[in-house]
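Undergrad: below: sequence and its predicted model.
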Amino acid sequence: MSDTLVRGWCPGARRPMRSGDGLIVRLRITGGRLAPETARAIAGLAARHGNGELDLGRRGGLQIRGIRDDRLAGVETELADLGLLDADAGAEAVRNVVASPLSDFDDTAEGDAFALAHELEAALVADDFLRALPGKFGFSIDDGGRFGLADVPADVRLRLANGDVAISLDGDIRVVELPPEAAVAATLRLAHAFLDLAPDIDPPPRRMAALVAHVGAEAVFAAAGLAVPGVAPSRPPGTAPLIGALPTHIGAGLPFGRLTAGQLCLLADLAVSDIRLTPFRAVLLPGATADILPRLADAGFVTRPDDPILAVAACPGAPACGSASIETRGLARRLAALKPEGHGVWLHVSGCEKGCASSAAHAVTLVGRDGGLDLVLDGRPTDPPRHTGLSPEAVEALFRSGTIDR
């Protein structure tokens, strides 16, 4: 394991990643559903073996940070006792499935995304050929309800609709509609088609959108033995509000996706049924009531959907990440108060060009490079910057002066 720039793989429990604050162990929680007793056990593990900090990733994975090398064996033993350790790293890596978090509480949901996620994960693990999929290759299962997954990164997308499952590929809006009992097998065939077609391209693409750009969605569906895709009914991107007191749940935002062991224990104490992890930097407590919001706010959770911190993405930065050359989250907090009009994330502060906190283009992206900051407008960390080598003070001055676009 190395602190140098690494692309194309993600940490797991079987394959931890080294960072500036120790080893990172990522847990893939099926459907994002975490029982309170399991949450307490994970919190205790994080406090004893790590630095007591955890991250909620962009696909709903829960990362335990700061684990020492000599504690890793103990972590794996405890995870195995909790049923959270896969048989091997390959089985763990292929379980890259995100599902809508509230299928059983959302009366607009078209079906049970959790059950389909459980079935798909089991099928992925059983297919040895799919161990060759790139580490970031993933799947999403949208229940068709108000909490959609259109903005969540996924290479193969499944959406429940009108009794069927509409399957589409990242990089293309068309779908093939199949009965639920055929959806998992079709999804595996599409993953096989990716592995069959990608080696013929130089260099081989590592994500479905890149393959679709080269050969077209029709070729991928044909290689999977599926019908020519049709045009999908329009569906607005994004999700309904998640944060605050809502009929289905209480939603608590996590600034930059970070929570502590103590906060995780509090969630377990307040849970009525279980805790739902989401890919939206938020945790949900289905069935809970508004009277718990003050306790969540006092503990550092975001409880207002208009809180400006929700409009800023930032990675751990230096010194927590060995790839980062700048501190990120303190700067992000200061700049968050300058939120412009509009919706969604407008600012991304990235410690390096990997862009771990977000792969999307944003109005403003700050990228750490050699201790300074490059400023990218309407782009990603790898795009050409408008300004280079800025200090944090210079960045703040640009923001406050209104000359950031010059």
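TA: Thanks, I have it. Numbering: from 1, shown residues only.
Undergrad: tell me what the helix or strand of the chain with the lowest mean pLDDT is packed against?
TA: When the helices and strands of the chain are scored by mean pLDDT, DSSP states H and E, strand 230-231 comes last with a mean of 77. Helices and strands touching strand 230-231, by 3 or more Cβ pairs under 8 Å, 6 or more residues apart in numbering; DSSP states H and E, are strand 174-178. Heads up, the C-betas are built off the backbone N, CA and C, glycines and all.
Undergrad: okay, now the sheet partners of the least confident helix or strand of the chain, with direction.
TA: strand 174-178 (antiparallel) (DSSP bridges).
Undergrad: does L259 sit in a helix, a strand or a coil?
TA: Per DSSP: H, G, I helix; E, B strand; the rest coil, the secondary structure class of L259 is strand.
Undergrad: how about it, nearest residue that isn't a chain neighbour?
TA: With Cβ to Cβ, 6 or more residues apart in numbering as the criterion, L259 has its nearest non-adjacent residue at 5.5 Å, and that residue is L54.
Undergrad: how far off centre is the helix or strand encompassing that neighbour?
TA: Per DSSP states H and E: L54 is located in strand 53-56. Relative to its chain's centre, strand 53-56 lies at 12 Å (Cα atoms, centre = their mean, to the nearest Å).
Undergrad: check which helices and strands that strand sits against.
TA: Short answer (3+ Cβ pairs under 8 Å, 6+ apart): strand 53-56 packs on helix 36-49, strand 62-67, strand 258-260, helix 261-270.
Undergrad: after the last one comes which helix or strand?
TA: Going down the chain from helix 261-270, the next helix or strand is strand 275-277, by DSSP H and E.
Undergrad: what strands line up against that next one, and which way round?
TA: When DSSP bridges is applied, strand 275-277 pairs with strand 33-34 (antiparallel), strand 282-286 (antiparallel).
Undergrad: so which of those strands gets nearest D164?
TA: Among the strands paired with strand 275-277, strand 33-34 comes nearest to D164, with 24.4 Å by Cβ to Cβ.
Undergrad: chain center to the least confident helix or strand of the chain: distance?
TA: 28 Å.
Undergrad: contact partners of it?
TA: 173-177 (Cβ atoms under 8 Å, 6 or more residues apart in numbering).
Undergrad: show me which of these are buried.
TA: Listed as buried from those are 174-177; burial here means 16 or more other Cβ atoms under 10 Å.
Undergrad: bridged to the residue nearest to L259, which residues?
TA: I64, L259.
Undergrad: pull the number of nearby residues for it.
TA: The tally of other residues near L54 (other Cβ atoms under 10 Å) stands at 27.
Undergrad: just the pLDDT at it, thanks.
TA: L54 carries a pLDDT value of 97.
Undergrad: over to L398?
TA: So, for L398, pLDDT stands at 89.
Undergrad: quick one: A123 and R189 touch, right?
TA: No. Taking Cβ atoms under 8 Å as the definition, A123 is not a contact partner of R189, at 10.9 Å.
Undergrad: tell me how the protein divides into domains.
TA: 17-84+246-302, 92-231, 309-401 (automatic domain parsing).
Undergrad: which stretches in the stretch 251-400 of the chain count as helices?
TA: 261-270, 293-298, 329-336, 392-401 (DSSP state H, counting those that start in this stretch).
Undergrad: next one: phi and psi at M17?
TA: phi -120, psi 140 (degrees, to the nearest 10).
Undergrad: swap that for P199, sorry
TA: phi -60, psi -20.
Undergrad: what of G300?
TA: Torsion angles, degrees, to the nearest 10, at G300: phi 100, psi 0.
Undergrad: grab the nearest non-local neighbour of it.
TA: Q263 (6.6 Å).
Undergrad: and if you look at L284?
TA: R276 (4.1 Å).
Undergrad: go on, A132?
TA: L195 (5.6 Å).
Undergrad: are we agreed that that neighbour is in a strand?
TA: No. According to three-state DSSP, L195 belongs to no strand; its state is helix.
Undergrad: begin at 869 from now on, thanks
TA: From this message on, residue numbering opens at 869, which makes the last subject L1063.
Undergrad: sweet, I'm off.
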